[in-house]
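With the input below, show me the fold.
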Amino acid sequence: MKKALTIAGSDCSGGAGIQADLKTFSAHGLFGMSVVTSVVAENTVRVISYQDMTPKIIQEQVDAVFEDIKPDAVKIGMLSTVETMRAVAESLKKWQPEKIVLDPVMYAKNGCALMDPTSIDILIEEVLPLASLITPNVPEAEKISGLVIQSLEDMKAAAVKIYELCGAATLVKGGHKVGKATDVLYDGKDFSEYTSERIDTKNTHGTGCTFSSAIASQLALGNDIDQAVAKAKDYVTTAIRHSLPLGNGHGPTNHFYELYQSGLKE
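Got it, this is the predicted structure:
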């Protein structure tokens, strides 16, 4: 069995963060493990508060995983402070995982900040260069690149700028734009585009976490980045299409739709 590790925040309501990541790993047939960077008190409506783990316990969690069950891929999510970023960066340098998907989580679905805005420079300089693939949405890509994104060409320009800043393949996600949901990948040489229909639902809590962990799952299974993104795009689109109307705000996606359907058919 392939293994995957998520290094991210905990969402107690189960739709995003390490909970979404672990569900996604399981849906892909992987054994999932987790390193908690922050405990977030949130639900589908709001973020109440969050408590960051100390750098020491973050690094010891990483050590505990890698010294015993080495993951085939790593997904990184919420890194809220400079101290958290540096703790994770040091651990990555120590253990040298080959496949790292980094989702630069800056805001919750309801707009609440999940990253100290003063730490962006450290993220760019010390963490992003360690990734195999970076998966910012449009607001995050604007923040990292310093560019305004209003079109597909703008997404491409931002992907190039981010690649030039950190040297990692960059997937700019178009879910925050109007029209079809098109994501743009730049690998340092070529562009690839991935388009799906835009699904009319408010239940999109945790889509970024789910998409990035699906890509990490596909990388762990042996796919290259282009194949991994394409397959993960299909997975997250299905999860959104059959999302769950739970809670009073943005409900979660349906991580196990295919499994539930096959079980019902049997």
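
where does the stretch 151-266 of the chain dip in pLDDT?
Low-confidence segments of the stretch 151-266 of the chain (pLDDT under 70): 176-179, 262-266.

if we go to 50?
265-266 (pLDDT under 50).

list the buried ones in stretch 151-166?
152, 154-163, 165-166 (16 or more other CB atoms under 10 Å). Backbone N, C-alpha and C define where each C-beta goes, glycine included.

neighbouring contacts of the helix of greatest length in the chain?
Criterion DSSP state H: the longest helix present in the chain is helix 225-241. With contact meaning CB atoms under 8 Å, 6 or more residues apart in numbering, helix 225-241 is reached by 24, 27-28, 132-133, 169, 171, 181, 183, 185, 187, 192, 194, 196-197, 199, 201, 203-204, 207, 210-211, 214-215, 217-219, 223, 253-255, 257-258.

Now do the strands in the stretch 51-200 of the chain.
Ranges of strands within the stretch 51-200 of the chain are 73-76, 100-102, 133-134, 169-172, 181-186, 191-196, based on DSSP state E, counting those that start in this stretch.

Go through the ones you listed and pick out the most buried.
Burial of those is given as mean neighbour count (mean count of other CB atoms under 10 Å); strand 73-76 ranks first at a mean of 30.

so what strands line up beside that strand?
Strand 73-76 sits in its sheet next to strand 3-11 (parallel), strand 100-102 (parallel), going by DSSP bridges.

What mean pLDDT does the longest one get?
Spelled out, that is strand 3-11. Across strand 3-11, pLDDT averages out at 97.

Give me the next element, helix or strand, following it.
Sequence order places helix 17-27 as the next helix or strand after strand 3-11, per DSSP states H and E.

elements contacting that next one?
Here helix 17-27 touches strand 3-11, strand 31-42, helix 207-220, going by 3 or more CB pairs under 8 Å, 6 or more residues apart in numbering; DSSP states H and E.

Now, the buried residues of stretch 151-166 that are in helices?
Judged by DSSP H, helices contain the following of the buried residues of stretch 151-166: 152, 154-163, 165-166.

returning to what we had before: CSV please, covering the strands paired with strand 73-76 and showing distance to residue 227.
As requested, those are exported to CSV (distance: least, CB to CB, whole Å):
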stretch, distance to residue 227
strand 3-11, 16
strand 100-102, 14
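
ok, now which ones touch residue 128?
By CB under 8 Å, 6+ apart, the contact list for residue 128 reads 102, 104, 134, 144, 162, 165-166, 168.
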